[in-house]
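[1] coords below, sequence missing:
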Ligand code: G3I
């Protein structure tokens, strides 16, 4: 049957995957699925600060360019991830004083976004990532501690200046349903836009787990953000389980994938769905959650799982 991307295109949505540069360089099976099934690509790590600016104003583009080149060859778009985050940011940034930190942030955004500003493959950016704690208060990251909340508006303004045509997103996890954290996100996006800060898009990561239940009111949550005038999207979907897999867990996982795709299809301002990888051969989950995994739509040997069929059928369905 047709690949996921054909069905997604027919619905006016993207279907994406995060890619790792290692297997992209070394495994043809990885490349074939990545290029054939998806029409949007995110760099799992290669565009993060540690990778792109390991030393002050010394930029390294090999990984980021490999992702962009692959996407261009396969007629895919790239969603840039991520400009300002509290993880995978070099120590030299974290030890700067306030004025120097703000200047370093603005320079980083100008250089990274600027490199691809005239490249039609790169269409959007996660400008700030994970600014909230789960209770909905601001995360007390080094950014927040040194600069206060103003770093968020400054980051968006710097990104807009570097590429007036790129779609600029704020991205977080545990905000898929209606809850305290997503309501805090909602209030922040509303107040930023009221202050003419160029926030175009909200990314809902979607790192879910079958043992925790499917979040409540996902479609309603997407819709309330859309009603603020922003585009919405799922940016990092994976749905983990206690390993080993079995048919029951696979079936439940498949229903969660169906729910995610259907929620996006039901909201016109939902641009698409990106998975955080595509094969259980390469996933951050087992390294982070002991005893959990099998979160993606292909198994370790690149065989499609029930979750693949779920995504396919939801995209293809009427
Ligand atoms: O690059 C080094 C390599 O030199 C070294 O040999 C190796 C040894 O473990 O580590 C490599 O770095 C790892 C890096 O991934 C690249 O593989 C880091 O230790 C590891 O911490 C890092 O994990 C990434 C994680 O973000 C960091 O927070 C995951 O791959 C990546 O999937 C994950 O992605 C995040 C999103 O960016 C934001 N949302 C949550 C999501 C999942 O945590």
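    It's in. These numbers come from a predicted model, not from an experiment.
[2] Which phi and psi values does residue 55 adopt?
    Main-chain torsions, residue 55, degrees, to the nearest 10: phi -130, psi 160.
[3] Contact partners for it?
    With contact set as CB atoms under 8 Å, 6 or more residues apart in numbering, residue 55 has these partners: 90, 92. (Glycine included, C-beta is placed from N, CA and C.)
[4] in the sheet, who's paired with it?
    Applying DSSP bridges to residue 55 gives these bridge partners: residue 58.
[5] So it versus the ligand, what's the distance?
    Going from residue 55 to the ligand by CB to the nearest ligand atom, to the nearest Å gives 16 Å.
[6] go on, residue 108?
    For residue 108 relative to the ligand (CB to the nearest ligand atom), the value is 16 Å.
[7] now that residue, what's its secondary structure?
    helix (DSSP: H, G, I helix; E, B strand; the rest coil).
[8] shaky segments in the stretch 101-250 of the chain?
    Counting by pLDDT under 70, not a single residue of the stretch 101-250 of the chain qualifies.
[9] what ranges do the helices span in it?
    All helices of the stretch 101-250 of the chain, identified by DSSP state H, counting those that start in this stretch, fall at 142-147, 150-162, 180-194, 218-226, 247-265.
[10] can you put those helices in JSON lines and add mean neighbour count?
    As requested, the helices of the stretch 101-250 of the chain are exported to JSON lines (neighbours: other CB atoms under 10 Å):
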{"stretch": "helix 142-147", "mean neighbour count": "17"}
{"stretch": "helix 150-162", "mean neighbour count": "20"}
{"stretch": "helix 180-194", "mean neighbour count": "17"}
{"stretch": "helix 218-226", "mean neighbour count": "19"}
{"stretch": "helix 247-265", "mean neighbour count": "20"}
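[11] How far off centre is stretch 117-134?
    8 Å (CA atoms, centre = their mean, to the nearest Å).
[12] Just the terminal-to-terminal distance for that stretch.
    End-to-end distance of stretch 117-134 (CA to CA, to the nearest Å): 33 Å.
[13] got the buried residues for that stretch?
    Within stretch 117-134, the residues scored as buried using 16 or more other CB atoms under 10 Å are 117, 121-132.
[14] what's the answer for stretch 43-56, then?
    43-49, 51-53.
[15] next one: stretch 75-82
    Quick answer for stretch 75-82 (16+ other CB under 10 Å): 76-82.
[16] remind me, longest strand of this structure?
    Ordering each strand of the chain by length in residues (DSSP state E) puts strand 231-242 first.
[17] Strand partners (parallel or antiparallel) of that strand?
    The pairing partners recorded for strand 231-242 under DSSP bridges are strand 201-204 (parallel), strand 207-209 (parallel), strand 270-275 (parallel), strand 292-293 (antiparallel).
[18] related to what we said a few turns ago, adding pLDDT, secondary structure and distance to the ligand, write the buried residues of stretch 75-82 out as TSV.
    Output for those, formatted as TSV (pLDDT from 0 to 100; DSSP: H, G, I helix; E, B strand; the rest coil; distance: CB to the nearest ligand atom, whole Å):
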residue	pLDDT	secondary structure	distance to the ligand
76	98	coil	19
77	98	strand	18
78	99	strand	15
79	99	strand	12
80	99	strand	12
81	98	coil	6
82	98	coil	6
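[19] Tell me the predicted confidence for the residue nearest to residue 54 when sequence neighbours are not counted.
    Spatial nearest neighbour of residue 54, excluding adjacent residues (CB to CB, 6 or more residues apart in numbering): residue 90 at 5.8 Å. As predicted, residue 90 sits at a pLDDT of 98.
[20] I'd assumed residue 51 was in contact with residue 90.
    No - contact criterion CB atoms under 8 Å: residue 90 and residue 51 do not qualify, at 9.9 Å.
[21] Around the ligand, which positions in the stretch 51-200 of the chain sit nearby?
    Proximity of the stretch 51-200 of the chain to the ligand, by CB under 6 Å from any ligand atom, involves residues 87-88, 129.
[22] Pick out whichever of those sits closest to the ligand.
    Checking those against the ligand by CB to the nearest ligand atom gives residue 87 as the nearest, at 4.2 Å.
[23] Let's verify that closest one: helix, strand, or coil?
    Per three-state DSSP, residue 87 ends up coil.
[24] what's around it, how many residues?
    Residue 87 has 11 neighbouring residues, counting by other CB atoms under 10 Å.
[25] Kindly report the same for the one 5 residues further on.
    Counted with other CB under 10 Å, the neighbours of residue 92 add up to 12.
[26] same question, residue 25
    Residues near residue 25, counting by other CB under 10 Å: 12.
[27] Could you save the buried residues of stretch 43-56 as JSON lines and add columns showing distance to residue 13, secondary structure and pLDDT?
    Shown next, in JSON lines, are the buried residues of stretch 43-56 (distance: CB to CB, whole Å; DSSP: H, G, I helix; E, B strand; the rest coil; pLDDT from 0 to 100):
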{"residue": "43", "distance to residue 13": "21", "secondary structure": "strand", "pLDDT": "99"}
{"residue": "44", "distance to residue 13": "21", "secondary structure": "coil", "pLDDT": "99"}
{"residue": "45", "distance to residue 13": "25", "secondary structure": "coil", "pLDDT": "98"}
{"residue": "46", "distance to residue 13": "24", "secondary structure": "coil", "pLDDT": "98"}
{"residue": "47", "distance to residue 13": "23", "secondary structure": "coil", "pLDDT": "99"}
{"residue": "48", "distance to residue 13": "26", "secondary structure": "coil", "pLDDT": "99"}
{"residue": "49", "distance to residue 13": "30", "secondary structure": "helix", "pLDDT": "98"}
{"residue": "51", "distance to residue 13": "28", "secondary structure": "helix", "pLDDT": "98"}
{"residue": "52", "distance to residue 13": "29", "secondary structure": "helix", "pLDDT": "98"}
{"residue": "53", "distance to residue 13": "33", "secondary structure": "coil", "pLDDT": "98"}
